[in-house]
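Trainee: kindly return the folded structure for what I paste below:
(one chain, ligands or ions: 1)
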Amino acid sequence: MHVLLCEDDDLIASGIAAGLNAQGLTVDRVATAAAARGILAAAQFDVLILDLGLPDEDGLKLLKQLRGQGVELPVLILTARDTVSDRVDGLQAGADDYLLKPFDLRELSARLHTLVRRMAGRSVNLIEHGCLSYDPSSREAFLSGQPVDLSRREQALLHALLHARGRVLSSEQLKDCIYGFGDEVESNALSVHIHHLRRKLGSHIVETVRGLGYRLGVAGKDLTSEDCQ
Ligand code: CA
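Mentor: Below is the predicted model:
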């Protein structure tokens, strides 16, 4: 499970990260809402743990904005605010769960697993891109309705490109999406995955933007988008 932790208190954040790591979860940490936005646009996560008292803005504002953009990532709010109206505000903003500080790490972990399980059972709309569709929950890709067999890394790469909706992503951003912290990354690994994705989904699916990175192009086995029905 890939967890994004948005918490500005370094002591709390490192405690959570260490605890969840010990249970086999991968945790990326950010300390501001701005950093959370950046990493969410570039990488794929299974769940977000969100502190409400962030230095740059209120966590609730970030959450409302993400939901407004259609982001369905499960969100667990972590906060010291414990009035009923705070909880209602959090749930209305689109939080899936709410945990009060101080809390027990085992409870946090149990709740994260519950959220991710629930999400997996939820029907998520397919991401449509021309004749390509991708189901983020099952990680299945279809080209003109035909299933395409993608490796785990290729799925992560495709999802990152689809999620960025045509924005250019640097090689570093893409590597962050397809590799976890402990992974050995060969220097040409990204090029290899892009090559495979082009072979399977058409040579125009990934556009190279010289000097900057890559962005989503047109799907289809060497067809124009009009031909691809
Ligand atoms: Ca805080």
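Trainee: what about Gln155, which helix or strand?
Mentor: Assigned by DSSP states H and E, Gln155 falls within helix 152-164.
Trainee: what residues does the residue of the chain found nearest the ion make contact with?
Mentor: The chain approaches the ion most closely through Gly53 (3.7 Å), counting by Cβ to the ion. Every C-beta, even on glycine, is put in place using the N, C-alpha and C of the backbone. By Cβ atoms under 8 Å, 6 or more residues apart in numbering, the contact set of Gly53 is 8, 59, 79-81.
Trainee: ok, back up a step: okay, buried residues for the following helix or strand past the helix holding Gln155 please.
Mentor: From helix 152-164 onward toward the C-terminus, using DSSP H and E, the following helix or strand is helix 171-178. For helix 171-178, burial by neighbour count (16 or more other Cβ atoms under 10 Å) applies to 173-178.
Trainee: what about whichever helix or strand comes after helix 171-178, average pLDDT?
Mentor: As assigned by DSSP H and E, the chain's next helix or strand after helix 171-178 is helix 189-201. Helix 189-201 comes out with an average pLDDT of 94.
Trainee: can I have the lowest-mean-pLDDT helix or strand in the chain written out in PDB, keeping just the CAs?
Mentor: Least confident helix or strand of the chain, by mean pLDDT, DSSP states H and E, is helix 84-92 with a mean of 81. Output of helix 84-92 as PDB, limited to C-alpha atoms (Å, rounded to 0.1, in the frame of the first residue of the first chain):
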ATOM      1  CA  VAL A  84     -18.600  17.600  16.500                       C
ATOM      2  CA  SER A  85     -18.700  20.400  14.000                       C
ATOM      3  CA  ASP A  86     -15.000  19.800  13.100                       C
ATOM      4  CA  ARG A  87     -15.800  16.200  12.300                       C
ATOM      5  CA  VAL A  88     -18.900  17.100  10.300                       C
ATOM      6  CA  ASP A  89     -16.800  19.700   8.400                       C
ATOM      7  CA  GLY A  90     -14.200  17.000   7.600                       C
ATOM      8  CA  LEU A  91     -16.700  14.500   6.400                       C
ATOM      9  CA  GLN A  92     -18.600  17.000   4.400                       C
END
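Trainee: buried set for that helix?
Mentor: In terms of neighbour count (16+ other Cβ under 10 Å), helix 84-92 has its buried residues at 86-87, 89-90.
Trainee: please produce TSV containing those, extended by distance to the ion.
Mentor: Converted to TSV, the buried residues of helix 84-92 look like this (distance: Cβ to the ion, whole Å):
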residue	distance to the ion
Asp86	14
Arg87	17
Asp89	16
Gly90	14
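Trainee: state the pair within the buried residues of helix 171-178 that is farthest apart.
Mentor: Spatial extent of the buried residues of helix 171-178 (Cβ to Cβ) is set by the pair Gln173 and Ile178 at 10.2 Å.
Trainee: shared neighbours of these two, which are they?
Mentor: Common neighbours of Gln173 and Ile178 (criterion: Cβ under 8 Å, 6+ apart): Ala160.
Trainee: could you find the closest non-adjacent residue to the residue nearest to the spatial centre of the chain?
Mentor: In the chain, the C-alpha nearest the mean C-alpha coordinate belongs to Gln44, at 2.4 Å (Cα atoms, centre = their mean). In this structure, Gln44 finds its nearest non-sequential neighbour in His159, 5.3 Å apart by Cβ to Cβ, 6 or more residues apart in numbering.
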